[in-house]
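Novice: sequence-free structure coming up:
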């Protein structure tokens, strides 16, 4: 069993708690996205991603996947 869902949600909640905190550089955190087929929409893998934006507007993708 792998725990990508749990780990992704834990990271997402933690990052969202720090949005606009003066001691962090995080200004926006998106939701957790599933790895779905681009046209058919079926589940491809347990990989999860989320977007994070820093206070300067630079965007990042955080990826959680099984090694």
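Specialist: Structure received. Because the structure is a prediction, the values reported are computed rather than measured.
Novice: centroid-wise, who is the farthest residue in the protein?
Specialist: Centroid-distance maximum for the chain: residue 40 at 22.2 Å, with CA atoms, centre = their mean.
Novice: what about that residue, distance to residue 31?
Specialist: 21 Å (CB to CB, to the nearest Å). For glycine as for every other residue, the C-beta is placed from the backbone atoms N, C-alpha and C.
Novice: confirm the residue farthest from the centre of the chain sits in a helix?
Specialist: No. Per DSSP: H, G, I helix; E, B strand; the rest coil, residue 40 lies outside any helix segment and is coil.
Novice: tell me the pLDDT at it?
Specialist: On the pLDDT scale, residue 40 is placed at 96.
Novice: quick one, phi psi at it?
Specialist: Here is the backbone geometry of residue 40 (degrees, to the nearest 10): phi -90, psi -20.
Novice: same check on residue 36?
Specialist: Main-chain dihedrals, residue 36, degrees, to the nearest 10: phi -110, psi 150.
Novice: show me what the spatially most central residue of the chain bridges to in the sheet.
Specialist: With distances taken as CA atoms, centre = their mean, residue 50 lies nearest the centre of the chain, 2.3 Å away. Note on residue 50: beta-bridge partners residue 62, judged by DSSP bridges.
Novice: tell me how far it lies from residue 39.
Specialist: 22 Å.
Novice: same check, this time on residue 22
Specialist: Distance from residue 22 to residue 39, by CB to CB: 43 Å.
Novice: and for residue 60?
Specialist: 26 Å.
Novice: neighbour count: the two, which is higher?
Specialist: The neighbour count for residue 60 versus residue 39, taken as other CB atoms under 10 Å, is higher for residue 60 (11 against 6).
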